[in-house]
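Asks: Whatever this is, show me its structure:
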Amino acid sequence: MVGGSSKELPAEPIGSNNDDEADPVAEANSLYDQLEHAILPLYHGKPDAYTQIRRSAIAINGSFFHTQRMVLQYVRNAYLGVEP
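Replies: Next up is the predicted model:
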């Protein structure tokens, strides 16, 4: 919970639909809706809350998006011909 109020957080995470067939238009609309109604108001009105969300996102995704994994994936795909 950011800033003591759950109203500040998106009701549903961006890209959280579990359908096998992803609808790119619906995903884009969800992204823009979350940016307009959840993220930008925090960015402009409550920079500390925005910073907390940003740091949380980095912490969650940092274990996957790191240099070692990217280099190994590049080598596998470019030189070994292994598909992901």
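Asks: Start and end of stretch 38-54, how far apart?
Replies: Between the start and the finish of stretch 38-54 there is a gap of 13 Å, counting by Cα to Cα, to the nearest Å.
Asks: That stretch: which residues count as buried?
Replies: 38, 39, 42, 46, 49, 50, 53 (16 or more other Cβ atoms under 10 Å). Every residue, glycine included, has its C-beta placed from N, CA and C.
Asks: Find me the pLDDT at the fifth one, would you?
Replies: Same thing as residue 49. Listed pLDDT for residue 49 reads 93.
Asks: Would you quantify the distance from residue 60 to residue 80?
Replies: Shown here: residue 60 relative to residue 80, a distance of 30 Å by Cβ to Cβ, to the nearest Å.
Asks: An error on my part: the question was meant for residue 26.
Replies: 36 Å.
Asks: Tell me which of the two has more neighbours.
Replies: For residue 26 and residue 80, the more surrounded residue by other Cβ atoms under 10 Å is residue 26, and the numbers stand at 12 against 7.
Asks: Just say helix, strand or coil for residue 64.
Replies: For residue 64, the reduced secondary structure class is coil; criterion used: DSSP: H, G, I helix; E, B strand; the rest coil.
Asks: residue contacts, it?
Replies: Contacts were defined as Cβ atoms under 8 Å, 6 or more residues apart in numbering; by that measure residue 64 touches no other residue.
Asks: out of everything not next to it in sequence, what's closest to residue 43?
Replies: residue 50 (4.7 Å; Cβ to Cβ, 6 or more residues apart in numbering).
Asks: who does the helix ranked longest in the chain touch, helix- and strand-wise?
Replies: Of all the elements of type helix in the chain, the one with the most residues (DSSP state H) is helix 47-61. Of the remaining helices and strands, those touching helix 47-61 by 3 or more Cβ pairs under 8 Å, 6 or more residues apart in numbering; DSSP states H and E are helix 40-45.
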